[in-house]
Structure formats: structure tokens, C-alpha cells
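In: Sequence first, predicted model second:
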Amino acid sequence: MPSILLRSLRDQQTSLLWWFLGIASLMLITVLLYPSIGAAPEMEALFEDMPPAFQVFVGEIGDITSPEGYLNSQLFALMIPLLFMFYCIGQGSGAIAGEEAAGTMDLLLANPITRARVVLEKFGAMLAGGTVLGFATVFGLVVGALIVDMDITMSRLSEATLVSLLIGYLFGGLALLLGCWTGRRSLSIGVSVGVGVATYLLNGFAVIISWLEPYRFLSPFHYATSNDPLSNGLDLTDTLVLVVATAVLLVGAVRTFDRRDVQK
């Protein structure tokens, strides 16, 4: 039978195109605004006067007028990770639970394929789609940086994008696990988004609330931002934590779906 992965990608090709264009455009426009907004001395004074709680949404950005500080505050601290997270949650929740809701899972499993293959190829389609969005992100950023002569390298932009993409894959894996466990897409979306927002806020508030600091390790966003990949590159340990956590969720999804009766 045709590859489940390829079929899944064909099913989302139109929406994926719009995602690509939207993300690339957002990246390009944000970078093009840097000379008039980010590099203005007034911006640094404005950020210094912001209340500490503001750091929850922009992170520990350092110098807002630098390329790294500007991109972190405008994109990598919040916007890019959440975009990837929402895309992957949508794909992960629909991979199994969406097929069941549409009544097509029985037809799919009637073919000589294992349930594990279904889950793995559905996950692979999410990885492929996320990679397309990651390319759109880097493409928009690099084109914009070339136009405004922003002093930042493509390798750093790629590394920061990869870390954000790993956040998306992790929560996509969580949505997939919940969909495999319950067969309910709405539940998998709701719980995954809730956990994502809660852990994002945990990581942000831990900067300004001392008693939350010991629990910061529970947030995936901590491993994506603690090393500031845009300035310092990938931290292999933090990256490995995100990869292993996603792999554990995927294994759980495979085992859970293999043992559950499919909803009619």
C-alpha cells in the first residue's frame, strides 16, 4: 500500500503551504523592522523600564538592541516555539484520534500493516512537516538578515530554530500519545496545549519567583532557552533531554495504541 507517511503529507499539503508562507513572511517582516525598532536606543530604555513580569514573555534577552536580543525578544522567546508547538499538537492529535473520529482507522488497519507502523509513519509525517516549517523560519530570517545587513550567522539561526522545533516535536509527541491512549482528539489537543502553556509560564516565572526556580527543570522550555542557542549555539545535553523525552512519548504512543481497541 502507499506509504502512510506520504499519504499524510499529501493530506496536509495545502495547509502546510500556507503555514510555510505565513511563517516565512512573519520572519522576514520582523527582521526588516530591526533597523527602525530593535536597533533604536530608545528600545533598550523601554525594556529596562518594563516590570519584571514582562520577562515571562520575552525571556532573559540581554541587550535588546543586538541582533540576538532583538530576535529572542520578538521571535525565539515565545512566537516561534509556540507556532511549532501548535502545529505539531494539531498533527499529533489528528494522527490517530483524527482517523478514528473520521471513521477511517478500521480501513487503514484492514491493510497488512502493524499498528506500530501506523503510529511511526504518522509521527514521521509530523517530523517532515515540522522540518518544512523550520526551513521556512530559517529562510525568512536569512533573507531578512541579508537585506538589513544584520550581523548574525545562518548557523546560529538554524540552531535556535532547531531547538524551538524540538519543543514542537515534544508536545506533538504528547498529543500523539494522548490520542493513542484515548482516541479523543479534543482531549489530546486541550491537555497538550494546557501542559505547553503551563510549562512555558513555569519557565518564565521561575526567573522572577525564587521558589519556582527548583522546578524549572520540569519545563521543556528551560532546555530550549537556558543556553541561549541564538548567541551560544546548541547545548548538547539540553538538546538530548528534549530528544529523549520525545522518544519516550513516541514509545508510549506505540505501546498504548497497540493495546487499545479502536473506536468504531
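Out: The structure has been received and is ready for your questions.

In: Stretch 239-256: which residues count as buried?
Out: With burial defined by 16 or more other Cβ atoms under 10 Å, the residues of stretch 239-256 counted as buried are 239, 241, 242, 245, 246, 249, 250, 252, 253, 254, 255, 256. (Each C-beta comes from the backbone N, C-alpha and C, glycine too.)

In: chain center to that stretch, what's the gap?
Out: Computed by Cα atoms, centre = their mean, to the nearest Å, the chain-centroid distance of stretch 239-256 equals 15 Å.

In: what residue ranges in the chain score low on pLDDT?
Out: Judged by pLDDT under 70, the chain has its weakly predicted residues at 1-2, 38-63, 263-264.

In: got the residue ranges for the helices in it?
Out: Counting by DSSP state H, the chain forms helices over residues 4-11, 13-32, 41-48, 55-58, 67-71, 79-93, 99-102, 105-109, 115-148, 154-182, 185-205, 220-225, 229-232, 236-259, given from the N-terminal end onward.

In: so which of those helices gets nearest residue 211?
Out: With Cβ to Cβ as the criterion, residue 211 lies closest to helix 185-205 of these, at 10.0 Å.

In: what does the closest one contact?
Out: Helix 185-205 is contacted from outside by 55-57, 59, 78, 81-82, 85-86, 89-90, 92-94, 97-98, 101, 171, 174-176, 178-179, 182, 212, 215-216, 218-222, 225, using Cβ atoms under 8 Å, 6 or more residues apart in numbering.

In: Over to stretch 20-29?
Out: Applying Cβ under 8 Å, 6+ apart, the external contacts of stretch 20-29 come out as 75, 79, 83, 132-133, 135-137, 139-141, 143-144.

In: The spatially closest residue to residue 80 that is not a sequence neighbour and residue 81: what is the separation?
Out: Using Cβ to Cβ, 6 or more residues apart in numbering and skipping the chain neighbours, the partner closest in space to residue 80 is residue 164 (4.6 Å). Counting by Cβ to Cβ, to the nearest Å, the gap from residue 164 to residue 81 is 5 Å.
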